[in-house]
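Peer 1: quick one, what's the 3D model for this:
(chains A and B)
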Amino acid sequence: NAGVMQNPRHLVRRRGQEARLRCSPMKGHSHVYWYRQLPEEGLKFMVYLQKENIIDESGMPKERFSAEFPKEGPSILRIQQVVRGDSAAYFCASSPKADGGYTFGSGTRLTVV
Amino acid sequence: DQQVKQNSPSLSVQEGRISILNCDYTNSMFDYFLWYKKYPAEGPTFLISISSIKDKNEDGRFTVFLNKSAKHLSLHIVPSQPGDSAVYFCAASTKDFGNEKLTFGTGTRLTIIP
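Peer 2: Residues are numbered from 1 along each chain as shown, chains lettered A, B, ... in the order given. Predicted coordinates:
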């Protein structure tokens, strides 16, 4: 049973480009959470999704960021028109139910140049 | 507004001795607390948790203590081993049904000295 799979592990984008981060939850997990870790900081909650639904996006920046978790396929975190401040590690976690405890993926390290 | 605080960015402990990592929180609505361990280039790994109805939870070498009146929790590791060298994050949540959103501290880097 593979863990939470995130890809790519490393992503380099120029300012103004789009970044797409993918997260495949563990088998049987239908709850996905995205967190962002800026350098020298803790993880900050971004968004919580269930299949085809956004449950809580209170941590998402109001512009340029969006997330989805379609019926089929991985969850996608999309950042449009990236800026240097978006450089961070983005972690996805999944759980089998809302209070079932998390399993984190290894993260995607986004570098904006 | 840092609701979960880990005031020690780093800690060095001799192998075999006790490691004590501290965490303070400000939000009295938090009722569930967790510790995560993180190695470089990996995601956080769950270590141990405690509900607010308890003041202590033990799992092998790891014990978490919760002092609700002081809004303080600590993680004790004894005896410390070289493999314990990592960054430790304290996290808290409200058991809001349907959403286990976690608020993390900034982490403490623990180094075990052989």
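
Peer 1: can we go C-alpha only for contacts and neighbour counts from here?
Peer 2: OK.

Peer 1: would you mark the buried spots in stretch B:69-85?
Peer 2: B:72-78, B:80-81, B:84-85 (16 or more other CA atoms under 10 Å in any protein chain shown).

Peer 1: equivalent analysis for stretch A:15-29, please.
Peer 2: Quick answer for stretch A:15-29 (16+ other CA under 10 Å): A:15, A:19, A:21-26, A:29.

Peer 1: for that stretch, list the C-alpha coordinates in PDB.
Peer 2: This file holds the C-alpha atoms of stretch A:15-29, laid out as PDB (Å, rounded to 0.1, in the frame of the first residue of the first chain):
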ATOM      1  CA  ARG A  15       7.800  34.200 -12.600                       C
ATOM      2  CA  GLY A  16       4.500  34.400 -14.400                       C
ATOM      3  CA  GLN A  17       4.300  30.700 -15.300                       C
ATOM      4  CA  GLU A  18       1.800  28.300 -13.900                       C
ATOM      5  CA  ALA A  19       2.600  25.500 -11.400                       C
ATOM      6  CA  ARG A  20       0.600  22.300 -11.000                       C
ATOM      7  CA  LEU A  21       1.200  20.100  -8.000                       C
ATOM      8  CA  ARG A  22      -0.300  16.600  -7.900                       C
ATOM      9  CA  CYS A  23      -1.200  14.500  -4.900                       C
ATOM     10  CA  SER A  24      -2.400  10.900  -5.000                       C
ATOM     11  CA  PRO A  25      -3.900  10.000  -1.600                       C
ATOM     12  CA  MET A  26      -3.400   6.600   0.000                       C
ATOM     13  CA  LYS A  27      -5.800   3.900  -1.200                       C
ATOM     14  CA  GLY A  28      -9.100   4.200   0.500                       C
ATOM     15  CA  HIS A  29      -8.500   7.800   1.600                       C
END
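
Peer 1: how about the contacts made by the residue most central in space within chain A?
Peer 2: Per CA atoms, centre = their mean, the C-alpha nearest to the average position across chain A is that of residue A:34, at 3.9 Å. Applying CA atoms under 8 Å, 6 or more residues apart in numbering or on different chains to residue A:34 gives the contacts A:45-48, A:77, A:90-93.
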